[in-house]
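Visitor: sequence isn't available, so here's the structure alone:
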């Protein structure tokens, strides 16, 4: 009993010290809102390493969010897909919350009928959100009748508006905060679906219903159709670039058709010859302004020059061979190569390349660059 008194006193002192620490200002002598404005001028990685209070503030809603990597991951022995976020400041992976249970999400990545390839799961990043648009069930039907959206600021999932025709093997992309779905097939092939193009603007007013995990006030609208159904052959990324949506109908180095959609004029036109000639792998646009491609055969990262209608090489590496998908943002081009994630810093005078290790036992299926999640540290 005599020994317990000092222990109690010690715990009280520790508790008092912790409370004092939590109440300390971010910068002595300044209100926290002014301190945050000053700290926001410093790179988050520098703040993270100084003290716990500064580490905590960079993840709050009031602090400008830094960019993180969001990934669809899968185990080689599993048919399921998991959703993760990689924080480049803490160098840690964090699992996203579970998707809404009703209706349950059933995405098939592998099927006995497709031995040599995975079934596509099509997702885009738009208006700061991760959006799942199209996938296939184990019965080879469309897996999503409406998009499923993850918002990093609320750390939650919500359903979008129903598609007129749930589809797969389509072209999917984003431009100026709007999501586009073009061509593809529904439960069966239809010329009308193969030529159709639908647009959904995430910036339009929405009212969320937390009980039903869905949003009202959102809707899809039809835009000008494609002239034929040639774009229903593969699951394609449509790339938003300078007010236009660019896409081809075949992946890789094969002979292909390419079209460009002008969102302001609501018109389609043929893709420039130089652009389509260099479209030899996955393509992404940095801030919808600078377009990059990774030649999946040569492992070459190139930048598109619209003035000359040519692609200029930035770096070539064996690490980039077999590129499946890329994302661009914050001066980085992130590449999925046979389940690995490779990052290229395209802002440095001498380009740097490194690999981000995925969580143990998981491989990357697709990646996106979005604002970091709000969290407590």
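Guide: Great, that's in hand. Owing to the predicted nature of the structure, the values given are computational and were not obtained by experimental measurement. Numbers count the residues shown, from 1 in each chain.
Visitor: strands of the stretch 151-300 of the chain, start to end?
Guide: 156-159, 171-175, 178-182, 197-201, 207-209, 214-216, 221-222, 236-241, 244-248, 258-262, 267-270, 283-286, 290-295, 300-305 (DSSP state E, counting those that start in this stretch).
Visitor: and these as a markdown table, adding distance to residue 35 and mean pLDDT?
Guide: For every residue, glycine as well, the C-beta is placed using N, CA and C. A markdown table is the format used below for the strands of the stretch 151-300 of the chain (distance: least, CB to CB, whole Å; pLDDT from 0 to 100):
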| stretch | distance to residue 35 | mean pLDDT |
| --- | --- | --- |
| strand 156-159 | 29 | 95 |
| strand 171-175 | 36 | 96 |
| strand 178-182 | 37 | 96 |
| strand 197-201 | 37 | 96 |
| strand 207-209 | 32 | 49 |
| strand 214-216 | 36 | 57 |
| strand 221-222 | 45 | 95 |
| strand 236-241 | 37 | 96 |
| strand 244-248 | 43 | 97 |
| strand 258-262 | 46 | 97 |
| strand 267-270 | 51 | 97 |
| strand 283-286 | 32 | 98 |
| strand 290-295 | 35 | 98 |
| strand 300-305 | 40 | 98 |
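Visitor: redo those strands as JSON lines? Include mean neighbour count.
Guide: Supplementary listing: the strands of the stretch 151-300 of the chain in JSON lines, determined by neighbours: other CB atoms under 10 Å:
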{"stretch": "strand 156-159", "mean neighbour count": "20"}
{"stretch": "strand 171-175", "mean neighbour count": "25"}
{"stretch": "strand 178-182", "mean neighbour count": "25"}
{"stretch": "strand 197-201", "mean neighbour count": "20"}
{"stretch": "strand 207-209", "mean neighbour count": "12"}
{"stretch": "strand 214-216", "mean neighbour count": "17"}
{"stretch": "strand 221-222", "mean neighbour count": "11"}
{"stretch": "strand 236-241", "mean neighbour count": "25"}
{"stretch": "strand 244-248", "mean neighbour count": "23"}
{"stretch": "strand 258-262", "mean neighbour count": "19"}
{"stretch": "strand 267-270", "mean neighbour count": "13"}
{"stretch": "strand 283-286", "mean neighbour count": "23"}
{"stretch": "strand 290-295", "mean neighbour count": "24"}
{"stretch": "strand 300-305", "mean neighbour count": "21"}
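Visitor: could I get the ones you listed as a markdown table with distance to residue 42?
Guide: Output for the strands of the stretch 151-300 of the chain, formatted as a markdown table (distance: least, CB to CB, whole Å):
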| stretch | distance to residue 42 |
| --- | --- |
| strand 156-159 | 29 |
| strand 171-175 | 31 |
| strand 178-182 | 34 |
| strand 197-201 | 35 |
| strand 207-209 | 34 |
| strand 214-216 | 36 |
| strand 221-222 | 43 |
| strand 236-241 | 31 |
| strand 244-248 | 37 |
| strand 258-262 | 41 |
| strand 267-270 | 46 |
| strand 283-286 | 24 |
| strand 290-295 | 27 |
| strand 300-305 | 30 |
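Visitor: excluding its backbone neighbours, what's nearest residue 358?
Guide: Of all residues beyond its chain neighbours, the one nearest residue 358 is residue 364 (5.7 Å), with distances taken as CB to CB, 6 or more residues apart in numbering.
Visitor: do you know how far the one you found is from residue 81?
Guide: Computed as CB to CB, to the nearest Å, the residue 364 to residue 81 distance reads 11 Å.
Visitor: quick one: residues contacting the residue nearest to residue 323 when sequence neighbours are not counted.
Guide: Taking CB to CB, 6+ apart as the measure, residue 323 lies nearest to residue 294, with 4.0 Å between them; neighbours along the chain are not counted. For residue 294, the contact set (CB atoms under 8 Å, 6 or more residues apart in numbering) comprises 281-282, 300-302, 320, 323, 326, 333, 335.
Visitor: got it, and residue 110?
Guide: Taking CB under 8 Å, 6+ apart as the definition of contact, the neighbours of residue 110 are 79, 118-119.
Visitor: check contacts around the residue nearest to residue 57 when sequence neighbours are not counted.
Guide: Take residue 57 and drop its neighbours on the chain: the residue closest to it by CB to CB, 6+ apart is residue 63, 5.5 Å away. When the contact criterion is CB under 8 Å, 6+ apart, the partners of residue 63 are 36, 39-40, 57.
Visitor: repeat for residue 145
Guide: Contact criterion CB under 8 Å, 6+ apart gives 162-163, 166 as the residues in contact with residue 145.
Visitor: ok so it is a helix residue?
Guide: No - following the definition DSSP: H, G, I helix; E, B strand; the rest coil, residue 145 is coil and is not counted among the residues of a helix.
Visitor: do you know how far it is from residue 219?
Guide: Using CB to CB, one gets 14 Å for the distance from residue 145 to residue 219.
Visitor: swap in residue 167?
Guide: 17 Å.
Visitor: the two: which has the busier surroundings?
Guide: residue 167 (26 against 14; other CB atoms under 10 Å).
Visitor: excluding sequence neighbours, find me the nearest residue to that one.
Guide: Once flanking residues are discounted, residue 167 sits nearest to residue 184: 3.8 Å by CB to CB, 6+ apart.
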